[in-house]
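**Student:** dropping the sequence and predicted coords here.
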Amino acid sequence: MDHVILAATDEGLGTCWIANFDIGAAREAFEVRAGEVPLLLTTLGHAADHPTARQRRSLGSLVRRIR
């Protein structure tokens with residue numbers, strides 16, 4: 001998968017690893033053969049020219065220091 005993503009990036013395409021998906025649905029959608037198990041998926045396409053800015057939470061709101 002890493003080679004696919006690197007090759008796509010080299011061609012100017014955007015990708016995103018997907019490792020959390022319904023295996024049964026993937027088997028059916030992609031006609032996966034018996035005995036094979038889909039492990040990863042990736043999206044593939046042209047990235048937005050101007051991605052929208054995202055509001056980020058502060059690090060302090062996400063992490064607590066335990067003593």
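**Tutor:** Cool, the structure landed.
**Student:** so where do the helices sit in this structure?
**Tutor:** For the chain, the helices defined by DSSP state H cover 2-10, 23-29, 59-62.
**Student:** need those helices in CSV with distance to residue 39, mean pLDDT and mean neighbour count, can you?
**Tutor:** Where C-beta positions appear, they are placed from N, C-alpha and C, glycine not excepted. What follows is those, written out as CSV (distance: least, Cβ to Cβ, whole Å; pLDDT from 0 to 100; neighbours: other Cβ atoms under 10 Å):
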stretch, distance to residue 39, mean pLDDT, mean neighbour count
helix 2-10, 13, 94, 11
helix 23-29, 9, 94, 12
helix 59-62, 29, 89, 8
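**Student:** which among those helices is found nearest to residue 45?
**Tutor:** Closest approach to residue 45 among the helices of the chain is made by helix 2-10 (9.1 Å; Cβ to Cβ).
**Student:** the residue nearest to residue 30 when sequence neighbours are not counted: neighbour count?
**Tutor:** Leaving aside its sequence neighbours, residue 30 sits nearest to residue 38 (Cβ to Cβ, 6 or more residues apart in numbering; 6.7 Å). Residues near residue 38, counting by other Cβ atoms under 10 Å, number 15.
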